[in-house]
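Enquirer: predicted model and sequence below, questions to follow.
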Amino acid sequence: MRNLFLRRFRAGRLITLVAVITVGGLLSAVPASAGEAGPAVHSSAAGGLAAGSPAAAGAGASADPVVPASDATSGGGPASGGPGTANCRNHAVTSNFHEHQRAGEAILPLEQLPASAVSVPTWSGSFTSGGTAYPFTMVGTDPAAGQATHVPVEIIPLRLDFAGNGCVLEDSGMAADIEASPLFTPARLRTGVTQWLDEYQRSNFWSTVSTTSPGYHLILDPSDIPAVTMHVPAAQGIVVFDPTINRTEGFVDQDWFYLQLHGLLSSLHVSPTTLAAFVPYNTFVTVGNPNGCFRPPYCAYAGGFHYAFPSDNNPHAINTFAYATYLDLGTASPYDWGAYVLSHEILEWAANPFDHGTLIQGQAAFLSNTAPAWSSPYFNDPAPGACTTVLEVADPLEDGIAFYVPPDQHTLADGAFLSWFARQSPSTAIGGRYDMGGIFSTYSTAC
């Protein structure tokens, strides 16, 4: 399965963090060193985007002060360890995981959806780069139409019961904390008071929005349900305690977990016009059986993915969903990372809602919105220098920065704009930028 928000196990630490930035309720950014940077916090004067403060990728370190988040003494957000983890500490295990490259799938352009398909509202367009046209389908309506689109999002908290040791990972406050973040609760951002996804898309199509279509918006309407218990067989999941953040974390087999989510979409009767967001507490999926990840060849693990497949309840419907772990980084960070992975996945879902795997003439393939082959110093899936053609807007910056939006300390993901993928100069996005934080000084690097 593609579209994984991948992380790798480091010596004595399970989470690789990115840089965090804030500018008085608006946004600026500072990049972490590609691939290996420790967590950092950047703060500039209040009142607007700090002119010239973001360092461009490859342009050298920012002149602004960078404070290692390891100096912080407070916890990682309201979860504060998770009430469901109280009895898990005796099952502590430490290990080093090492990522290995997964077998590649051919990446092909997304096929045209049938006119009768029922799903989230979408529109289609295309861009041309190097003489080649790249069609795409995105969530919402064409920004040129200047309309507001509302999409329901159902947050489904997961309570994971691990049979191997009886540990239960849960936190009753996850859904409320995520809904209180700027992902769903409007905040003062650069284009106005709005949600994070709407801020991204309005900025992305700013040349149109700022002139002829100021009424364009893409708004998420969240709801949530009581936590759903998922029983994890001993052969499919393990629990580890990470002393560096003083938190317990779960790891489950990716393929097994995917089948469980597929089943839940059907049994919970989630409407295909709704994005389903499955949120477990500090639980990651492994590329390979998690019980084998503590010995060579080890394995990669991921905190989130998004996907689409035909509905089991309606042959003319297509369900889209995201899995995004609720990160609780404990003593490693003073910020609230609970909505961070979901913000990454929602940015990508909106720009590429129907990506999915399939078989074409017996060969595995991955169908997706595509772009000219690109690489980024902040994209390391499956290894540094990786090259891909998928139009996944948060991946080029997944090891780069995160945004901190005061006053509630929520961190949210950065996203590259369409001009970055299309190699347009100048960029047609807000301020001539190529991403929300201004990390990229130019369009994507060919590979």
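Expert: Now that the structure is in, tell me what you want to look at.
Enquirer: quick one, strands of the stretch 51-200 of the chain?
Expert: Assigned by DSSP state E, counting those that start in this stretch, the stretch 51-200 of the chain shows strands spanning 66-68, 106-109, 122-129, 132-139, 148-162, 168-169, 187-189, 192-194.
Enquirer: deepest in the core, which of those is it.
Expert: Sort those by mean neighbour count, taking mean count of other Cβ atoms under 10 Å, and strand 168-169 sits at the top with a mean of 23. In this view, the C-beta of every residue, glycine as well, is placed from N, C-alpha and C.
Enquirer: parallel or antiparallel, list what pairs with it.
Expert: Neighbouring strands of strand 168-169 in its sheet, by DSSP bridges, are strand 148-162 (antiparallel).
Enquirer: pLDDT of the strand it pairs with, averaged?
Expert: In this model, strand 148-162 carries a mean pLDDT of 97.
Enquirer: just give me how far it sits from the chain centre.
Expert: Averaging C-alpha positions (Cα atoms, centre = their mean, to the nearest Å) puts strand 148-162 14 Å from its chain's average.
Enquirer: equivalent analysis for stretch 322-342, please.
Expert: 11 Å.
Enquirer: over to stretch 238-253?
Expert: Here the centre of stretch 238-253 is set off from its chain's centre by 20 Å, with Cα atoms, centre = their mean.
Enquirer: for that stretch, buried residues please.
Expert: Residues 238-242, 244-253 are the ones in stretch 238-253 that count as buried (16 or more other Cβ atoms under 10 Å).
Enquirer: just these: which are in strands?
Expert: Among these, the ones falling in strands (DSSP state E) are I238, V239, V240, F241, D242, R247, T248, E249, G250, F251, V252, D253.
Enquirer: which other residues reach stretch 419-435?
Expert: 49, 127-130, 134, 190-191, 202-207, 210, 371-372, 374, 391, 393, 396-397, 414-418, 438, 440-444 (Cβ atoms under 8 Å, 6 or more residues apart in numbering).
Enquirer: filter the residues you listed to the buried ones?
Expert: Buried among the contacts of stretch 419-435 by 16+ other Cβ under 10 Å: 49, 127, 129, 134, 190-191, 202-207, 371-372, 374, 391, 393, 396-397, 414-418, 438, 440, 443-444.
Enquirer: in strands only, show me those residues.
Expert: Counting by DSSP E, these place F127, S129, Y134, A371, P372, W374 in strands.
Enquirer: I'd guessed the fourth one sits against A133; true?
Expert: Meaning A371. No. Using Cβ atoms under 8 Å, A371 is not in contact with A133, being 11.4 Å away.
Enquirer: where does L259 land in three-state SS?
Expert: Three-state assignment for L259 (DSSP: H, G, I helix; E, B strand; the rest coil): helix.
Enquirer: going forward can the numbers begin at 22, since that is how I track them
Expert: That works, and once the first residue is 22, the last one we named lands at L280.
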